[in-house]
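1. Just a sequence and a predicted model for now, questions to come.
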Amino acid sequence: MRRTLPIVLKLCAALAVTLATLWAALAAYWSDVESAAGRTLLAMAVVAGTGLCFALIRRRGRALAAWLCGFALFAAWWSAIAPSNQRDWQPDVAVLPYAQVQGDLVTVRNIRNVAYRTETDYQPRYHDKTFDLKKLEGVDLIAVYWMGDAIAHVMVSFVFQGQDALCFSIETRKEKGEGYSALKGFFKQYELTYVAAEERDLIRLRTDHRVPPEDVYLFRTRMPEANARKLFLEYVKKINSLYETPEYYNTLTTNCTTNVVRHVRAFEGRLRYSWKILFSGYAPQYVYELGGLEDSLPFEELKAKSYVNPKARAAGDAPDFSARIRSGLPGMPGP
């Protein structure tokens with residue numbers, strides 16, 4: 001045991017140094033250095049620096065200490081890279097929403113309702129609307145699947161009596177010409193944005209205009225009225241915060257699912273994180289298991305009956321789009 005322990009510790013230290021160096025090299029390559037050649041040289045310097053540190057300093061303890069100092073300096077530099085609201089944004093995320101609260105009345109500014117011809121050919125449109133919190137009648141969970149059961153984009157929709165629903169989609173705020181990469185999402189490549197939009201926009205983009213179409217499921221939650229109000233105000237608080245102070249998106253810690261959980265935990269501390277949050281495709285099942293969805297049906301049957309793609313295509317641009325896609329869904333109130 002005495003002989004084995006030092007070997008295990010050395011192996012763990014070597015693995016930690018290797019992984020940290022890999023992270024630092026990727027962080028350097030995707031840093032805010034403007035020149036691509038400069039970023040490449042910086043990433044190569046990170047790897048070379050680690051190698052030289054352990055090659056030139058014979059005592060492993062001193063070599064590790066020297067490496068830690070260099071890594072700490074790099075991490076401090078990288079941590080200082082700040083997000084911005086001033087970039088050449090893609091038109092669909094160029095305008096940020098914000099809200100004004102006066103008692104029970106909440107006026108949301110810059111609600112998006114894009115007119116799509118195709119996914120990439122569209123006309124952004126925005127409007128303002130005032131919502132009465134006394135008329136908030138339901139909170140719906142929307143899960144969008146495009147690559148199997150484990151991964152989904154999660155959105156939350158608030159339904160008001162006599163009005164269209166207001167839907168929030170937590171997304172990356174991409175610049176013109178920029179694509180999404182889950183790996184790059186770990187390295188401050190995207191600012192975070194909350195899209196506040198009409199459901200006609202966010203749902204039909206996925207059912208009608210993306211190729212291939214994505215599968216959209218809509219679930220009515222059993223959230224009590226008081227908590228529904230609190231959750232809506234948590235979203236309002238966040239969009240106002242992002243309007244003033246930008247933040248970075250992170251693939252693991254700050255995304256479309258973890259932020260929803262964070263908002264709910266702000267007033268309902270019993271909600272716990274789970275691997276089903278990390279693998280966001282299982283988030284609806286997790287909410288079901290907590291008693292948050294209609295439970296008169298087995299989950300798989302509930303999910304099958306909550307599929308809204310045909311309803312969304314049939315509703316088109318109808319002014320009562322939100323009511324049409326909910327007609328006959330489990331857990332929804334009748335006409």
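-> Perfect, I can see it now. Residues are numbered from 1 along each chain as shown.

2. The stretch 51-200 of the chain: strands as residue ranges?
-> Taking DSSP state E, counting those that start in this stretch as the criterion, the stretch 51-200 of the chain carries its strands at 98-102, 105-112, 115-116, 122-123, 126-132, 136-145, 152-160, 166-173, 191-198.

3. right, and those - which one's nearest residue 281?
-> strand 152-160 (4.1 Å; C-beta to C-beta). Where you see a C-beta, it was placed from the backbone N, CA and C, and this is true even at glycine.

4. Now do the closest one: which elements does it pack against?
-> Using 3 or more C-beta pairs under 8 Å, 6 or more residues apart in numbering; DSSP states H and E as the contact criterion, the neighbours of strand 152-160 among helices and strands are strand 126-132, strand 136-145, strand 166-173, helix 225-244, helix 283-289, helix 321-326.

5. Pull the distance from the longest helix seen in the chain to the chain's centre.
-> In terms of residue count, the longest helix belonging to the chain (DSSP state H) is helix 4-29. Once both centres are worked out by C-alpha atoms, centre = their mean, to the nearest Å, helix 4-29 turns out to sit 29 Å from its chain's centre.

6. Same check on stretch 38-57?
-> The gap between the average C-alpha position of stretch 38-57 and the chain average comes to 34 Å, counting by C-alpha atoms, centre = their mean.

7. and it, which residues are buried?
-> Judged by neighbour count using 16 or more other C-beta atoms under 10 Å, the buried positions of stretch 38-57 are 39, 42-43, 46, 49-50, 53.

8. Need the contact partners of that stretch.
-> Contact with stretch 38-57 is made by 17, 21, 24-26, 28-31, 33, 60, 63, 66-67, 70, 74, as judged by C-beta atoms under 8 Å, 6 or more residues apart in numbering.

9. Next: stretch 318-328.
-> With C-beta under 8 Å, 6+ apart as the test, stretch 318-328 has contacts from 140, 157, 159, 164-165, 198-200, 203-204, 218, 220, 308, 311-312, 314-315, 332, 335.

10. Many thanks, I have nothing further to ask.
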